[in-house]
Every structure is written in C-alpha cells, then in structure tokens.
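J.: Predicted coordinates and the sequence they were generated for:
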Amino acid sequence: MNHTIAQAVAEMLAILEAERDAIHRFDDDEVIRAARAKQGLADRLREASREDLAANASALATLLIELRRNASLLLYARACLRETHARLAKKAINEA
C-alpha cells in the first residue's frame with residue numbers, strides 16, 4: 001500500500017470514528033472539525049495517481065463503507081433535531 005494513501009486512509013478512519021462519537025453526543029463543533037479534516041484528506045486522496053488508488057482499492061473500499069456509515073448517522077441526527085425542533089415549536093405555540 002502506498003504510504004501516503006495508507007496514511008490518509010488511517011487518518012480518515014480515525015476522524016470518522018471521532019465524528020461518530022461527536023454525532024452521538026450532538027457535538028456540532030466537533031462534527032464541523034471532522035468535516036474540515038475529512039475534506040483535507042479527501043483532497044490528498046484526489047491527488048493520488050490512478051495506479052496508487054488501484055493498488056489500495058481494498059482499503060479505499062473499507063473507507064467508503066465507513067464514510068457512508070457516517071453519512072447515514074448524520075442524516076439521522078439531522079432528522080432527530082428537526083423533529084425535536086418541530087415538537088418544541090408546536091409546544092411553545094400551544095402554551096402561548
């Protein structure tokens with residue numbers, strides 16, 4: 001595995017783990033930090049050659065699964081927050 005790609009994948013997996021923890025805690029500051037860090041690593045991976053990417057296909061496939069996992073968690077958290085907001089708004093209107 002290309003060291004640069006291996007390093008980027010390892011860093012990205014660590015960021016995704018931290019992001020999952022932040023999502024579970026509804027820690028928006030940490031989620032934003034993770035998003036910025038992921039963008040930087042994604043930029044590094046985009047600069048890799050096709051040959052290096054092909055040579056690391058297995059690790060990148062694992063990374064893709066984890067990225068999708070976090071995307072699902074983020075969508076779910078967003079839906080939960082919207083539902084909570086809607087309920088609180090309705091309650092405030094009813095109590096007014």
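T.: On my side now, so go ahead.
J.: which intervals of the chain have sub-threshold pLDDT?
T.: 1-3 (pLDDT under 70).
J.: What residue, apart from its backbone neighbours, is nearest Leu63 spatially?
T.: Once its chain neighbours are removed from consideration, Leu63 has its nearest residue in Val9; the separation is 5.3 Å (CB to CB, 6 or more residues apart in numbering). The C-beta positions use only the backbone N, C-alpha and C, and glycine is treated the same way.
J.: I'd like to know how far that neighbour sits from Leu88.
T.: From Val9 over to Leu88 the distance is 41 Å, taken as CB to CB, to the nearest Å.
J.: Show me which of the two is the more surrounded one.
T.: Neighbours were counted for Val9 and for Leu88 using other CB atoms under 10 Å; Val9 has more, 20 against 10.
J.: ok, now how distant is the more buried one from Ala89?
T.: Using CB to CB, one obtains 42 Å as the distance from Val9 to Ala89.
J.: Tell me where the longest helix sits in this protein.
T.: Longest helix of the chain, by residue count under DSSP state H: helix 57-95.
J.: where's that one relative to the chain centroid, distance-wise?
T.: The offset between the C-alpha centroid of helix 57-95 and the centroid of the whole chain comes to 11 Å, using CA atoms, centre = their mean, to the nearest Å.
J.: Tell me which other helices or strands it touches.
T.: With contacts defined as 3 or more CB pairs under 8 Å, 6 or more residues apart in numbering; DSSP states H and E, helix 57-95 has these neighbours: helix 3-24.
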